[in-house]
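**Q** quick one: sequence plus predicted model below, questions after.
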Amino acid sequence: METRFIGTSVPRKEGREKVTGRARYVDDISFPDMLHGVTVRSPAPRGRILSIHFEGDIPWSEFTIVTAKDIPGKNCIALLIEDQPCLAADFVNHPEEPVVLLAHRDKYLLEEARRAVRIEIEPLPAVFTIEHSRANKQTIWGTDNIFKSFRVEKGNVDSAWANADFIVEGAYETGSQEQLYIEPQGMIARAAPDEGVTVWGSLQCPYYVHKALVVLFGLPKNRIRVVQTETGGGFGGKEEYPSMIAAHAALLSWKARRPVKIIYDRAEDMVATTKRHPSRTRHRTAVTRDGKLLAMEIDFTIDGGAYETLSPVVLSRGTIHAAGPYNCPNVRILSRAVATNAPPHGAFRGFGAPQSVFALERHLDRVAKVIGMAPDELRSRNFIHEGQALAVSQVITEKVNMAHLMNRAFELSDYHAKRKKFDAENSENTIRRGIGFATFLHGAGFTGSGEEYLASEVAAEATSDGYVRVMAASTEMGQGTNTIFSQIAAETLGLGIEQIEIMQPDTAGVPNSGPTVASRTSMIVGKLVESATREIQQKLLAGGLLKPAYTAKDFAQACRNYIAENGPLHTLAKYEHPRDLHWDDTRYRGDAYGAYAWAAYVAEVSVDRRTAEVRVEDFVAVQEVGKVINPVLAAGQIEGGVAQGIGFALYENVVWQEGRMLNAQMTNYVMPTSMDIPSIRVFFEEIPYSRGPAGAKGIGELPLDGTAPAIANAIAHATGADITRIPITPEVLMETLESVHA
Amino acid sequence: MPDAVRKIRVRCHVNNRPAEFEAYPMSRLLDVLRVQGELTGTKEGCGEGECGACSVLIDGVLANSCLVPILQVEGASIHTIEGVAEGDRLHAVQQAFIAHGGAQCGICTPGMILAAVNLLSRYPRPTEAQIREGLAGNLCRCTGYIKIFDSVVAAWRSKERNA
């Protein structure tokens, strides 16, 4: 089939607004009579609230003050369950827990007022680490501090150890990571008992916010409206926390009877909103002398923070990805998300997988070393092929060729020659060089029966002048939703990109196409865009209003005639779960994802032996993501993800003290700058996915999985250091290097 | 606010037009531009001069407007993102950012474009090292910078072609 837009780098739909400064983000919007709002947070990690005092030389009567007792409905931020309060009423469970809200016209006075609120707390013993939480000497959640646990069993692990030539064990750690979108979070609300609640803000998932506000206010769904404003990055960080800020702004507005804006400054955004879950992973692997994996036993734990929020789902993805793209006959994965008295950890691009993939890919290099085999040889002997089953017993039915991806990445990075060269030269040099890689997969869309449960919808409507509007709740936050949807719709309809209009996500005007997460927007929602727009075309063709091989003018005329005769030309596409995909939630096995992206990443590093500083010198990312809809946008996703992965591996270190992030500034929480990024060379293999729009699969999260382990393996190659945790800051590496030479 | 501090009157040029602001002397240029100037293209990312989202040009020098008190710009010529295009005609850097994927979420874009414009005014044909250094004060979390480098290169090449 001739394609006009699929596979071409159509310029970003909202590009012009963004490069001219005209794009309107939440803080760029104001209402007359608008007040500003701030949040007063708990002074302690855990305790009972005794009293709240409004002190200092502050004209308190001018302020709108909201506490838990002002909540009209249920005091919670409804998500999977309803355990997280919107405002703490009697107890606090982490040091950033919201207790009091204040609103005033004067932002500066408001800040002084925030500091003059004194919350008196009777402290209770708190838990700050995964280890203490698991020991359960202090129970802070449920009966055992465990939000959720999973068990995956394939084959019979217990019987495999006896046949092993080698049994290799390892323990791995990953730290927290802040999403650090450059636009801090914020919301504006206009709410009143007689009108309902409207919020505008920076967010990924309009219907998550909608659901939370319905429960919080106890109002019918049609009295709550959520509108996404231009969103300056999300990366998972604007998946759940926007519900909290929207709730706070709406409560203040409800009481003040005026619009209220809450914009977090950077420090508040960093301490209070969700970050990537810290993790601990243990591996025990049985392997033969010739490198055949016999058994993998994996124990994976993540720190969920004080409330359950999305931790069960993050844990699920981390668990399913923990055994990678390998065909091992016997696998056991035990995993759990535990409670600590830190702010809840949440979604961050990769969603649990970067943690467990780091452990696995680092571990496999260590296994190879133990058995005296090259790390690529070990992988090659165990890669999964069509017809074989992953750890969750999902038989791969689509084409996959991991060895090809790996070898292509090796050619492009000159891996083998460099590995030899560095081995020969390193002992002479102060600057050591190394090259390492990771091979991995990432499942696109919601896990298991998740997509069936979401039952996403996309609508399309043609206007009488031949424009077609696509209506979906999927948000543009930089990743390219507007452009990809326009390409799919224009391709389907045979129209120009400029004839496609993507509606602003607004719960009053768009159906629920599900959250903008899980690498699902292009693949799952894009398919619905294709279906909804195809149905428009079919209605016109079936009615004889349009002949095949039509022009844009014919199309407009046909739309005019249709609308004159029948009224609005409107279609609605609903997700239909493929019948051959089956998932067993109780045994945690089956078709975990409709499709996987497959990848091999190679990192080349240099390490200064004197300062233990690491530089990434070159990076090659080869992946198979189905048909690439827009090459520039797709490469931009990979490059950006690799940069975040470099930060995860080397720089981004959240320093905790009693559940509080100490380094909540861009000055001391360091993300990569233009000076820290190597040339990132991105290559796509394209095998069209049978169920994706034009053959596309998900792509967004993939690059976070393999970047950090590729870098860690390169550092291990350069220095001989046995890297087991990230971030590998110079301090961490120096300690490890000292142990090598001790 | 402390009563002793009085608002001052500051006269300057913004995007080649005379402007007059009345503000407390230590008010941040960023806030004055955004609120009184209604120039919301200048963004706040960190408020401490790390991210460069609030970059503007003050007398041709790239500056973080979150660190500049309004009293310092008396008589200065300030350029913001709103002044980069000439009417509907985009600057070569803006065109290149659209064509080469230099903008994703767009929040760092105004500052990044001003940094790139400033870079090209100093180095009309910058090397890769000059581009990296010239943009090092502007953080981008989306792109990994590669497409931004591509955009800057495309911009100077197109400027030369059209010169």
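**A** It's in.
**Q** report the contact partners of A:Val38.
**A** A:Leu101, A:Leu102, A:Ala103, A:Leu110, A:Glu111, A:Ala113, A:Arg114, A:Ile262 (C-beta atoms under 8 Å, 6 or more residues apart in numbering or on different chains). For the C-beta atoms, the positions are set from N, CA and C on the backbone; glycine is no exception.
**Q** can you tell me which of the residues you listed are buried?
**A** A:Leu101, A:Leu102, A:Ala103, A:Leu110, A:Ala113, A:Arg114, A:Ile262 (16 or more other C-beta atoms under 10 Å in any protein chain shown).
**Q** those: which two are farthest apart?
**A** Pairwise distances across these (C-beta to C-beta) peak at 14.2 Å, for the pair A:Ala113 and A:Ile262.
**Q** related to what we said a few turns ago, which ones among the buried ones among the contacts of A:Val38 are found in helices?
**A** Judged by DSSP state H, these include A:Leu110, A:Ala113, A:Arg114 as members of helices.
**Q** isn't the first one right up against A:His104?
**A** Yes - with contacts defined as C-beta atoms under 8 Å, A:Leu110 counts as touching A:His104 at a distance of 4.6 Å.
**Q** can you give me the strands in chain B?
**A** B:8-14, B:17-23, B:55-58, B:61-64, B:77-79 (DSSP state E).
**Q** can you list the low-confidence ranges for the stretch 501-650 of chain A?
**A** For the stretch 501-650 of chain A, no stretch has pLDDT under 70.
**Q** so which bits of it are right by chain B?
**A** A:Val632, A:Leu633, A:Ala635, A:Gly636, A:Glu639, A:Gly640, A:Gly641, A:Val642, A:Ala643, A:Gln644 (C-beta under 8 Å from any C-beta of the partner chain).
**Q** tell me where the stretch 201-350 of chain A has helices.
**A** Applying DSSP state H, counting those that start in this stretch to the stretch 201-350 of chain A gives helices spanning A:206-217, A:241-256, A:266-272, A:311-320.
**Q** what do you get for chain B?
**A** B:29-31, B:92-99, B:109-122, B:128-134, B:146-162.
**Q** in JSON lines: those, plus mean neighbour count and distance to A:Val510.
**A** Putting the helices of chain B into JSON lines (neighbours: other C-beta atoms under 10 Å in any protein chain shown; distance: least, C-beta to C-beta, whole Å) gives the following:
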{"stretch": "helix B:29-31", "mean neighbour count": "24", "distance to A:Val510": "34"}
{"stretch": "helix B:92-99", "mean neighbour count": "24", "distance to A:Val510": "26"}
{"stretch": "helix B:109-122", "mean neighbour count": "25", "distance to A:Val510": "26"}
{"stretch": "helix B:128-134", "mean neighbour count": "16", "distance to A:Val510": "40"}
{"stretch": "helix B:146-162", "mean neighbour count": "20", "distance to A:Val510": "29"}
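**Q** with mean pLDDT and distance to chain A as extra columns, can I get those in TSV?
**A** Formatted as TSV, those follow (pLDDT from 0 to 100; distance: least, C-beta to the nearest C-beta, whole Å):
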stretch	mean pLDDT	distance to chain A
helix B:29-31	98	9
helix B:92-99	98	4
helix B:109-122	98	5
helix B:128-134	98	5
helix B:146-162	95	4
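**Q** so which of those is nearest A:Arg587?
**A** Of all these, helix B:146-162 comes closest under C-beta to C-beta, at 43.5 Å.
**Q** from the contact counts, what lies against that closest one?
**A** Using 3 or more C-beta pairs under 8 Å, 6 or more residues apart in numbering or on different chains; DSSP states H and E, the elements in contact with helix B:146-162 are helix A:631-646, helix B:92-99, helix B:109-122, helix B:128-134.
**Q** want to try JSON lines for these, with distance to B:Ala19 as columns?
**A** Shown next, in JSON lines, are those (distance: least, C-beta to C-beta, whole Å):
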{"stretch": "helix A:631-646", "distance to B:Ala19": "36"}
{"stretch": "helix B:92-99", "distance to B:Ala19": "23"}
{"stretch": "helix B:109-122", "distance to B:Ala19": "18"}
{"stretch": "helix B:128-134", "distance to B:Ala19": "27"}
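**Q** between the ones you listed, which gets nearest to A:Ala192?
**A** If we rank the helices and strands packed on helix B:146-162 by C-beta to C-beta, the stretch that ends up nearest is helix B:109-122, at 35.0 Å.
**Q** contacts for that closest one?
**A** Contacts for helix B:109-122 (C-beta under 8 Å, 6+ apart): A:18-19, A:21, B:41-43, B:51-57, B:60-62, B:79-81, B:84, B:91, B:93-94, B:97, B:102-103, B:126, B:130-131, B:134-135, B:137-138, B:140, B:148, B:151-152, B:155-156, B:159.
**Q** pull out the buried residues from stretch A:600-611.
**A** A:Ala600, A:Tyr601, A:Val602, A:Ala603, A:Glu604, A:Val605, A:Ser606, A:Val607.
**Q** what's the neighbour count on A:Ser30?
**A** Using other C-beta atoms under 10 Å in any protein chain shown, A:Ser30 has 14 other residues around it.
**Q** how about it, what does it touch?
**A** By C-beta under 8 Å, 6+ apart, A:Ser30 lies in contact with A:Lys261.
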